[in-house]
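In: Next comes the sequence, and after it the predicted model I'd like to discuss.
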Amino acid sequence: MDKTIKGLKPLSDDLKIDGSNYRILIVHTRWNSTVVDPLVKGAKETLINEYNVKEENVCIYGIPGAYELPYTAHHLIEAAKRADKPFNAVICIGVLIKGSTAHFEYICEAVTQGIMRVNIDTDTPVIFGVLTCLNEEQALLRAGIGENSHNHAIDWAGTAIEMAKVRSIKEF
Ligand SMILES: Nc1c(NC[C@H](O)[C@H](O)[C@H](O)CO)[nH]c(=O)[nH]c1=O
Ligand SMILES: CC(=O)[C@@H](O)COP(=O)(O)O
């Protein structure tokens, strides 16, 4: 992949957020698991190793496809609130790969709008960890598979921690 200016630089060590008291949910699809699985692994390992989230506080739930991500995230967020064990942030992970019909476009739009809605409706940060790829190579590279690749889930984990801190702000 070309070296460009784009990308999310991690916070400097003096600004790094301690996630040891955070509870994080990862909702992931089974569709395109060859790519999804390394993304889930990257997110989990980053949360634990880089942000001190306790392994028992990284909850993982698998569902069929990306279209099911918004509902599942919303339902589990509300269920966790009822159990008095709220999630500080959620990461939705899925991979959409363009096929030969317009299905891709409809799913991408529905999932994008749906995940944004869950953020607002539940007042819980839900990170958009959905790759919307035109081909398999694009997906593999963004899961850290292959030369000059980068696992985007590393960035999603850092975003989840930063947004969990935002969620903790009660007065401003
Ligand atoms: N084509 C992809 C799908 N399609 C399945 C839908 O997400 C959904 O599960 C189905 O329409 C039933 O509601 N899902 C992906 O995650 N990735 C794809 O490339
Ligand atoms: C993202 C999709 O829904 C897509 O993979 C489905 O493929 P097709 O458009 O060939 O049915």
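Out: Done, it's in. Numbers count the residues shown, from 1 in each chain. Ligands and ions are numbered 1, 2, ... in the order given.
In: Check the secondary structure at V90 for me.
Out: strand (DSSP: H, G, I helix; E, B strand; the rest coil).
In: Then the one 4 residues further on?
Out: Look at G94: counting by three-state DSSP, its state is strand.
In: Just give the closest residue to the residue most central in space within the chain, not the sequence neighbours.
Out: Centroid-nearest residue in the chain, with C-alpha atoms, centre = their mean: I91, separated by 2.9 Å. For I91, ignoring the flanking residues on the chain, the nearest one in space by C-beta to C-beta, 6 or more residues apart in numbering is I127 at 4.5 Å. For every residue, glycine as well, the C-beta is placed using N, CA and C.
In: and the one you found, which of the three is it?
Out: Taking three-state DSSP, the label given to I127 is strand.
In: Contact partners for it?
Out: 89-92, 156, 159-160, 163 (C-beta atoms under 8 Å, 6 or more residues apart in numbering).
In: circling back: show me what contacts the residue nearest to the centre of the chain?
Out: 24-27, 43, 126-127, 129, 153, 156-157, 160 are the contacts of I91 under C-beta under 8 Å, 6+ apart.
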